[in-house]
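[1] here is a sequence together with a model predicted from it:
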Amino acid sequence: MPKQREEHLVLNGVIWKYMDRTVVQAGQFLVSLFLARILAPEEFGTLTLVTVFINIALVFVEHGIGSALIQKQNITETEFRSVYYFSLVLGFVLAVILIITAPSLCSFLGYPAIVSIVRVLSLTLPLAGICNTLESRLTRNLEFKKIFFTNMCAVFISAFASIWCALNGYGVWSLVVQRVSFQLVSALALHCLVRFEFIATVSLRNIYPLISYGWKILLSSLIDTVYANLRTLIIGKYFRTETVGYYDKGRQFPAFIIANVNATIQSVMFPALSRKQSNTDALKAMVRKSIGVSTFLIWPCMTGLMMVAEPLIRILLTDKWLPAVPFLRCFCMVYSFWPISTTNLQVIKAVGRSDIFLKLEIIKKIIGIGIMVFTLPYGIYTMMIGSCVNAGIALILNALPNTKLIRYNLLELFSDFLPAGILSAVMGTVIYFVGLSIHNDLLQLVCQTITGVAVYVGCAALLRVDSFRYLLSIVLQIRKSKRS
């Protein structure tokens, strides 16, 4: 393939991948908001609790062997079919295991009534195995446009089905229908787009090398998934299902911003940092620029979201979701640390120190579990404060190795995110007092948003903050290139 055509395919793939991530997530987020206005918090909590089991099982069918399928230089049709049938069978086996163990799992949590929901959702596992294999083939060929349209089709149909069920009084089953229909439509659409012959020509011998590569990725993903869902399990066991619903809904708002801003920045940073790994000074300069820019963009979003949380929840979700406000604010604080932590971790990976990366992950998870266990007896809100403390500890731990690897000390790190911190604090204080003087929710939200943007941008321009000037220069360059 000519180099120019290859570069065009990569750029085209990046654009469609970004659209897939942002548009599809936005669609699912909007559907979730609409359903939240109809359904009760405990119904969302029930589904969140059930999906903990499904998410852990999904790791086995969605991680590892799919990555190996993409990574291997040459894949034969026999190997592809072997992976397809292996993933399908694995999905069925995991579904059967969940169906059999569902009563015991639900009794352990104290919710025997959700057994049927676990069993129905377990049927998505074979479908997920099919989707993962077919998507891996499209990803391998950089055909992200097909993945985008597949997911969009699945979002629209699953949204229609779940909203119809919710309006007709099906309760939590509306959310179950959404998940099942999404996977079913995705599997059918991918089969229409990917050429696949249902020939039982398989070879287990061809799967072994793929498993040998993929099991390490699978194990890493399994540890991350179990840890990420551990707090949900604890909340579900020791508190009410509606508390799980408030917790998850409070997480969704800041998570949506992080997924689309920070993830985009970091996906570009890793290959860029990797190219500079032999030049310590250039690597350090790039890291400092990344932290400055990402905190400049994300911190005002998180601060503003904290300040407008109450009117925002009232307008979008109604008063019944107001208990989600404290969770939303805590998650804003937790996610504020992410751009700093992830950038430091990208450096560690870029310079090839996966040993340090692994040690950090183990240490952080031990500390995180310890904080969860310690704060549990003091209630759910103390647990959330503990998660904020844990995020701060993780930030320092992630930054410490780079004091030696690239000579990036903590004082320099502090000075890089200090401007965004001060500007966000000023903005947050101003919009807090603006909110106190307005009693109409919609008017309060609009006034606080406009005031926040004006104060933040105005102060950044007045003080000539480096990150602001850098972003402004990029915008001017884009406008200039369009004119020419």
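    Done, it's in. Numbering: from 1, shown residues only.
[2] which stretches of this protein form strands?
    Here the chain has no strands by DSSP state E.
[3] how is it divided into domains?
    As given by automatic domain parsing, the domain ranges for the chain are 3-237, 241-483.
[4] can I get these in TSV with mean pLDDT and mean neighbour count?
    C-beta coordinates here come from the backbone N, C-alpha and C atoms, glycine included. TSV is the format used below for these (pLDDT from 0 to 100; neighbours: other CB atoms under 10 Å):
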stretch	mean pLDDT	mean neighbour count
domain 3-237	78	18
domain 241-483	85	18
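[5] just the CA trace of stretch 233-249, in PDB.
    Extracted in PDB, the C-alpha atoms of stretch 233-249 (Å, rounded to 0.1, in the frame of the first residue of the first chain):
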ATOM      1  CA  LEU A 233     -20.600  -4.200  44.800                       C
ATOM      2  CA  ILE A 234     -19.900  -2.900  48.300                       C
ATOM      3  CA  ILE A 235     -22.500  -0.200  48.000                       C
ATOM      4  CA  GLY A 236     -25.000  -2.700  46.700                       C
ATOM      5  CA  LYS A 237     -24.400  -5.100  49.600                       C
ATOM      6  CA  TYR A 238     -24.300  -2.600  52.500                       C
ATOM      7  CA  PHE A 239     -26.700   0.000  51.200                       C
ATOM      8  CA  ARG A 240     -29.900   0.200  49.200                       C
ATOM      9  CA  THR A 241     -30.200  -0.300  45.400                       C
ATOM     10  CA  GLU A 242     -31.400   3.300  45.000                       C
ATOM     11  CA  THR A 243     -28.100   4.400  46.500                       C
ATOM     12  CA  VAL A 244     -26.300   2.500  43.800                       C
ATOM     13  CA  GLY A 245     -28.500   4.400  41.300                       C
ATOM     14  CA  TYR A 246     -27.600   7.800  42.700                       C
ATOM     15  CA  TYR A 247     -23.900   6.800  42.800                       C
ATOM     16  CA  ASP A 248     -23.900   5.700  39.200                       C
ATOM     17  CA  LYS A 249     -25.900   8.600  37.900                       C
END
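[6] distance between that stretch and the chain's centre?
    Offset of stretch 233-249 from its chain centre (CA atoms, centre = their mean, to the nearest Å): 19 Å.
[7] contact partners for the residue nearest to Glu412 when sequence neighbours are not counted?
    Spatial nearest neighbour of Glu412, excluding adjacent residues (CB to CB, 6 or more residues apart in numbering): Arg288 at 7.0 Å. By CB atoms under 8 Å, 6 or more residues apart in numbering, the contact set of Arg288 is Tyr408, Glu412, Asp416.
[8] make JSON lines out of the residues you listed and add distance to Ile369.
    Below are the contacts of Arg288 laid out as JSON lines (distance: CB to CB, whole Å):
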{"residue": "Tyr408", "distance to Ile369": "29"}
{"residue": "Glu412", "distance to Ile369": "31"}
{"residue": "Asp416", "distance to Ile369": "30"}
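[9] of those, which belong to helices?
    When DSSP state H defines the helices, the subset of those inside them is Glu412, Asp416.
[10] of the contacts of Arg288, which is the nearest to Thr22?
    Distance to Thr22 across the contacts of Arg288 (CB to CB) is lowest for Asp416, with 26.9 Å.
[11] any idea how far the closest one lies from Ile258?
    Distance, Asp416 to Ile258, by CB to CB, to the nearest Å: 19 Å.
[12] repeat that for Ile340.
    12 Å.
[13] Leu125 against Phe92, yeah?
    Yes - at 7.5 Å, Leu125 counts as touching Phe92 under the criterion of CB atoms under 8 Å.
[14] many thanks, I have nothing further to ask.
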